[in-house]
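Chemist: requesting a structural model of the entry that follows:
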Amino acid sequence: MFRHGEKQKVDSINIDDKRNVKLTDLGIDQINKLGKILSERFPLLNSSKIIYSSPYARAIQSGEIVKSILNIQNMILSPEFGEFYTSDNYKKPKEYREQLQEKAMQNPNWISPETGFCLNDAILKFKNKIKEICLNNQNDLILISTHGAIIRNTVYGLEPKFRPDNNVILDSKIHEGGYTILDFDGKNFKVEEFDIHDYLD
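Modeler: This is a model prediction of the structure:
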């Protein structure tokens, strides 16, 4: 699974405008580099049947670039691979929304008063969707275009050694265009590689 490339800035308070943000020129370059390196390092991905994506525009655009480079036949959008937010009310101050997001990152069981959901709900849906796809496509490599927060917090739950201290957790981003590999044995996930981005330097 990989994080989308750098996204454009948007000042709108409309949630649809936030979800429809596209990549910058740098973001497009990052994902082109990602696609080429995936083709080299994981040749079995070339000409595979499906790439899965978050329904957010920046993830779809990233997935389409990789899809073209790897000659993948189809893309399937899955809401379970979308971004996790504690609030989608952009009329409220940014500082307030960041405070909610930080609480969720520090305590994944904390339930946001804005959405009624906790981060662990999103992580469970994310893992269950991957599990479902893997069980239906045994022995295949599964490729997912998604978002940094859901990737890193899924990894933190599987491998606590990667989790930073609470005082820096909100700022501990993973790299745009970086990839992470999970292995699924039919029952459990294991982190094989996390936030690989050596080709972006």
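Chemist: residue 157: how many residues sit nearby?
Modeler: 18 (other CB atoms under 10 Å). For the C-beta atoms, the positions are set from N, CA and C on the backbone; glycine is no exception.
Chemist: which secondary structure state does it sit in?
Modeler: helix (DSSP: H, G, I helix; E, B strand; the rest coil).
Chemist: got a list of what the closest residue to it other than its chain neighbours touches?
Modeler: Nearest residue to residue 157, sequence neighbours excluded (CB to CB, 6 or more residues apart in numbering): residue 123, at 6.0 Å. Counting by CB atoms under 8 Å, 6 or more residues apart in numbering, residue 123 makes contact with 108, 150, 153-154, 157.
Chemist: residue 15 and residue 131: what is the separation?
Modeler: 29 Å (CB to CB, to the nearest Å).
Chemist: ok, now residue 71?
Modeler: The separation that residue 71 has from residue 131, given CB to CB, amounts to 27 Å.
Chemist: the protein: helices as residue ranges?
Modeler: 15-19, 25-41, 57-70, 94-106, 119-136, 148-158 (DSSP state H).
Chemist: distance from the longest strand along the chain to the middle of the chain?
Modeler: Longest strand in the chain by number of residues, with DSSP state E as the criterion: strand 189-196. Strand 189-196 has its C-alpha centroid displaced from the chain centroid by 13 Å (CA atoms, centre = their mean, to the nearest Å).
Chemist: try stretch 191-201
Modeler: Worked out by CA atoms, centre = their mean, stretch 191-201 lies 14 Å from the chain centre.
Chemist: one more: stretch 42-60?
Modeler: 12 Å.
Chemist: compute the first-to-last residue distance for it.
Modeler: One end of stretch 42-60 sits 21 Å from the other (CA to CA, to the nearest Å).
Chemist: list the buried residues in it.
Modeler: Buried residues in stretch 42-60, counted by 16 or more other CB atoms under 10 Å: 45, 48, 50-54, 56-60.
Chemist: do stretch 162-180 as well
Modeler: 169-170, 174-180.
Chemist: and it, average pLDDT?
Modeler: The pLDDT scores in stretch 162-180 average 93.
Chemist: quick check: end-to-end length of it?
Modeler: End-to-end distance for stretch 162-180: 13 Å, by CA to CA.
Chemist: what's in contact with that stretch?
Modeler: By CB under 8 Å, 6+ apart, stretch 162-180 touches 1-6, 27, 30-31, 33-34, 38, 62, 98, 101-102, 105-106, 148, 151-152, 155-156, 191, 193-197, 200.
Chemist: phi, psi for the residue positioned nearest the centre of the chain please.
Modeler: Nearest to the mean C-alpha position of the chain, by CA atoms, centre = their mean, lies residue 147 at 2.4 Å. Phi and psi for residue 147, reported as degrees, to the nearest 10, are phi -120, psi 150.
Chemist: contacting residues for it?
Modeler: With CB under 8 Å, 6+ apart, residue 147 has these contacts: 3-4, 54, 56, 59, 81-84.
Chemist: thanks again, I'm all set now.
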